[in-house]
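>>> predicted coordinates and the sequence they were generated for:
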Amino acid sequence: MNSKVALIYENGEFIVSINDSIVSKDKDIEKSFFSFKQIIENNSKREVTSWSDIEDAMSKIKNDMLEINSDHKTLSFGVMKYFHATGKLFYMNNGTMTPLIGGYQFFKFVVSMTANNEMLNYSELLELCKVIIEKNATYRAEETSFIVSSAKFNYGEAGYNFSTNKINKGASIENGSFEEYKKYILELLK
């Protein structure tokens, strides 16, 4: 990334700018910091996985919902669509196209976990992702875990491991369902 991204506090407002061009102004520091982080992530993470590597990896996954479009270099899985040319991933539901964090890696996580029967309802996870983004928090996937990051959590994050059915609340790890984890996340992000 060759851009200068800045978060500035001036005259009672937080200003986010790229190369001295203002992108957003807000009085809420959390919203401004989220915007600042998103700009950095969107501009620094270029898709490094080649399309042929993606095709090879995805073709090994056996699931009828997975569609690989080689002509347009896109992947579809039910209500989720990945565009390789932009590296963007979207949740497409009820006529809306919600951008998701994580690009191809998150797409692969959801498809793999569903194909391995470790995630029973991937749409529930995507709905949760949509809310997480709306509440100015972030998320990521690691191996078989889904982790939400926010200052509202103990130690800044809370995770769910789909393989072990354990909820990591930062200060404690408990057995629980994804439904219980989702309830915990939504309660704290109010």
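Good, I have the coordinates. Residues are numbered from 1 along each chain as shown.
>>> quickly list the domain ranges of the protein.
5-44, 47-111, 135-190 (automatic domain parsing).
>>> return the distance of the last one from the chain's centre.
If I follow you right, that is domain 135-190. 13 Å (C-alpha atoms, centre = their mean, to the nearest Å).
>>> how long is it from one end to the other?
In domain 135-190, first residue to last residue: 8 Å (C-alpha to C-alpha, to the nearest Å).
>>> and it, what's its mean pLDDT?
Averaged across domain 135-190, pLDDT comes to 92.
>>> mind checking how far the helix or strand hosting Leu125 is from the chain centre?
Secondary structure assignment for Leu125, by DSSP states H and E: helix 122-134. Using C-alpha atoms, centre = their mean, the mean C-alpha position of helix 122-134 is found 8 Å from that of the whole chain.
>>> tell me where this structure has strands.
Under the criterion DSSP state E, the chain contains strands at 5-10, 13-18, 21-26, 66-69, 74-77, 80-83, 88-93, 96-100, 138-142, 145-149, 157-161, 166-168, 173-175.
>>> dump the ones you listed to a markdown table, plus mean neighbour count.
Where C-beta positions appear, they are placed from N, C-alpha and C, glycine not excepted. Shown next, in a markdown table, are the strands of the chain (neighbours: other C-beta atoms under 10 Å):
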| stretch | mean neighbour count |
| --- | --- |
| strand 5-10 | 13 |
| strand 13-18 | 18 |
| strand 21-26 | 13 |
| strand 66-69 | 14 |
| strand 74-77 | 18 |
| strand 80-83 | 21 |
| strand 88-93 | 18 |
| strand 96-100 | 14 |
| strand 138-142 | 18 |
| strand 145-149 | 20 |
| strand 157-161 | 21 |
| strand 166-168 | 18 |
| strand 173-175 | 11 |
